[in-house]
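S.K.: Provided below for reference: sequence and predicted model.
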Amino acid sequence: MSLHRRDLLAAGAALALPACRSVKLPASLVPDLPCPTPSYWTTLGVERFGASNAAQWMAAASQAGAAADRLGEANLFGPQGWAHAFKAVHADLFLVADLGWDLDPGQWTERATGTLTVSEAKFPSCTGAPAERLAKLAEKVKLLGWRGLGVRVATQAHWSGTGSAYGVPEQFFRSQLRLAHQLGVRYWKVESPLGTDIGLRRMLSVNAAGEAPDLAIENSSGWGPLNSPGTGPDRVSVGEPGRFRTWDQGRKLDAALEMIAFSRVFRAGETTAHLSIPTTLDRVANLLLRAGGDRGNDCLLNCGDEVYMAAALGCTMGVERHPGWTDPALKGYDPRLLRYRMTEVIRAIRWQRIAPPWPVGYTKTELAAERLADDWPVNGDGVAVAQGAPARVARNGPMPKVTATGSVPYVVAAVHPNGAAAVAALPRMFAGRGHVFPEANVTLEVDDPMRPIGVFGRFQSLTLDLVAPPAEVRVLAQDLAADEAVDVTERVSLAGSTMVIPGDLINRIGQSVATRNDQSDPGLVLQIFRG
């Protein structure tokens, strides 16, 4: 049995709150035990968007070398260092040292990165032989309470220079895998800008199973930031939203599925900030659709920084946002102001203590035939390009119903194998209007009304169609960032098997915990108990 299959079964048995059959109500609906499946925060975003000087910010945002030079001991571990963010969920997340952790300042090239040796110039307290340096870096991360250290593994350093061939012997990687296992490195974010090279990635995954069984290797396909970009029949234009399923006549999807078949984690890839939601959702939805039902497929999908999407669909997260993000050059690269949405990360991760991510093959997924499309002039030429995704996605459960008088949000829902259900409404992006969040009336059928229900985003109302609810009930709700539940029985409408939760109640409860200037959308857990 694979490591993460064991994780899932243990989580299903131990982390989800049991269906309550008594009137004794818990103080909190969120377990203290951290989520066992691999999500992380990466330094990449703040490396690129964390400078306070406009010139430095522009250099780091546009040049990999300038961004890589910002990663170092003072910026990461200093009194105001990046690693001090997200303290409430450090135990749930790996910290991934990303671009340039293994290169001295000023040494960046695509071919130089990937040495897998900590730069002593950037981390002066991590001295000694390569193994000693890595052990010291891993220890510094653990001392701050993070689950463990992860690192970017750039395979292009080992590229032979001909085609997609790699000239480094397998033994090199096997020794590095053993070292990671011995020193407590628990995540490899594998990158390869020079090509995907499925053969190399398969070799890494196969060897990791034997040499480093606790190490999660994340693969991705190196896609561009848009689905179906370029020219010809795949060209994205106004009114012609990119489709992941038909990109390159389906070859992009097929190649991803081939990689998913042997990967521990597969990341949905890079996106533009403005169109991240439809681009990511279209990829994730189609991958879940095609891979679902293959019980032997243990891969977990990673939704990147789309944390509410990941929480509601049972996927892992590769968080990039950080309160240190800035925009001194006024480029508008953070249109959703994610730098003010830190509490969303806390809520999404704490929901996964209740309903941890589960592998793509365990359950099936259904996509609505209706598609929505967002658009934005991402190329700076004033011409809007469009990205589309299914209007609704349902994983291992019934399709949600959505009604509204105008625009509707993307709505995704899932039922965890342990019975917990989740639903998320996700915002839209339109040229000329910017980031908007249309609120809709959403109806979700709930087969087990006594299990926890996660609710993410903004709603006009949420109606739960309950299957066989008890005659007398108490209803508790809790901001997922809070430590105490509140009784909302008198504030919801219950008639027979239908419970209606007003949107303003979701907003009040789901945003009751917020830091200064926090603009996070609501995220709460609700549970019904016998009254």
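M.R.: Nice, thanks for sending it over.

S.K.: drop to CA atoms for contacts and neighbour counts, all remaining ones
M.R.: Noted.

S.K.: so where is the protein shaky, pLDDT-wise?
M.R.: 1-23, 156-169, 193-196, 229-240 (pLDDT under 70).

S.K.: the longest helix in it is where?
M.R.: helix 276-291 (DSSP state H).

S.K.: next secondary structure after that one?
M.R.: strand 300-302 (DSSP states H and E).

S.K.: show me what that next one packs onto, helices and strands only.
M.R.: Here strand 300-302 is seen to pack against strand 265-267 when contacts are counted using 3 or more Cα pairs under 8 Å, 6 or more residues apart in numbering; DSSP states H and E.

S.K.: chain center to the strand it packs on, what's the gap?
M.R.: Centroid separation for strand 265-267 versus its chain: 10 Å, with Cα atoms, centre = their mean, to the nearest Å.

S.K.: sheet-wise, list the partners of that strand with their directions.
M.R.: Take DSSP bridges as the rule and strand 265-267 pairs in its sheet with strand 216-219 (parallel), strand 300-302 (parallel).

S.K.: and the shortest one, how far from the chain's centre?
M.R.: Here the centre of strand 300-302 is set off from its chain's centre by 8 Å, with Cα atoms, centre = their mean.

S.K.: give me the residues contacting that strand.
M.R.: With contacts defined as Cα atoms under 8 Å, 6 or more residues apart in numbering, strand 300-302 is touched by 39, 264-268, 284, 310, 315-318, 357-360.

S.K.: try 7 Å this time
M.R.: Outside strand 300-302, the residues that touch it by Cα atoms under 7 Å, 6 or more residues apart in numbering are 264, 265, 266, 267, 268, 315, 316, 317, 318, 358, 359, 360.

S.K.: where does the fifth one fall, phi/psi-wise?
M.R.: Here is the backbone geometry of residue 268 (degrees, to the nearest 10): phi -70, psi -10.

S.K.: surely it is in contact with residue 283?
M.R.: Yes. With contact defined as Cα atoms under 7 Å, residue 268 reaches residue 283; the gap is 6.4 Å.

S.K.: quick one: contacts for residue 397?
M.R.: By Cα under 7 Å, 6+ apart, the neighbours of residue 397 are 414, 415.

S.K.: please report how far it lies from residue 452.
M.R.: Counting by Cα to Cα, to the nearest Å, the gap from residue 397 to residue 452 is 15 Å.

S.K.: how about stretch 356-374: buried residues?
M.R.: The neighbour-count check on stretch 356-374 (16 or more other Cα atoms under 10 Å) flags 356-367, 372-374 as buried.

S.K.: next: stretch 176-187.
M.R.: In terms of neighbour count (16+ other Cα under 10 Å), stretch 176-187 has its buried residues at 176, 177, 178, 179, 180, 181, 183, 184, 185, 186, 187.

S.K.: and the fourth one, how far from residue 462?
M.R.: When distance is defined by Cα to Cα, residue 179 is 50 Å away from residue 462.

S.K.: just send the contacts of strand 300-302 back as JSON lines, with distance to residue 129 too.
M.R.: Output for these, formatted as JSON lines (distance: Cα to Cα, whole Å):
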{"residue": "264", "distance to residue 129": "30"}
{"residue": "265", "distance to residue 129": "30"}
{"residue": "266", "distance to residue 129": "32"}
{"residue": "267", "distance to residue 129": "32"}
{"residue": "268", "distance to residue 129": "36"}
{"residue": "315", "distance to residue 129": "37"}
{"residue": "316", "distance to residue 129": "34"}
{"residue": "317", "distance to residue 129": "33"}
{"residue": "318", "distance to residue 129": "30"}
{"residue": "358", "distance to residue 129": "38"}
{"residue": "359", "distance to residue 129": "38"}
{"residue": "360", "distance to residue 129": "40"}
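
S.K.: ends of stretch 67-83, how far apart?
M.R.: 17 Å.

S.K.: return the set of buried residues in that stretch.
M.R.: 67, 68, 69, 70, 71, 72, 73, 75, 76, 77, 82, 83.

S.K.: enumerate every residue touching the fourth one.
M.R.: Taking Cα under 7 Å, 6+ apart as the contact definition, residue 70 lies against residue 47.

S.K.: ok, the residue nearest the centre of the chain - contacts?
M.R.: Centroid-nearest residue in the chain, with Cα atoms, centre = their mean: residue 317, separated by 2.3 Å. If you count contacts by Cα under 7 Å, 6+ apart, residue 317 has them with 39, 40, 302, 303, 304, 305, 307, 310.

S.K.: now compare those and name the two farthest from each other.
M.R.: 40 and 310 (12.4 Å; Cα to Cα).

S.K.: isn't there a helix covering residue 326?
M.R.: No. According to DSSP: H, G, I helix; E, B strand; the rest coil, residue 326 belongs to no helix; its state is coil.

S.K.: phi and psi next, for the nearest residue in space to it that is not next to it in sequence.
M.R.: Once flanking residues are discounted, residue 326 sits nearest to residue 50: 5.4 Å by Cα to Cα, 6 or more residues apart in numbering. Dihedral angles of residue 50 (phi, psi; degrees, to the nearest 10) stand at phi -110, psi 0.

S.K.: from what I can see residue 50 touches residue 324, true?
M.R.: Yes. Using Cα under 7 Å, residue 50 is in contact with residue 324, at 5.3 Å.
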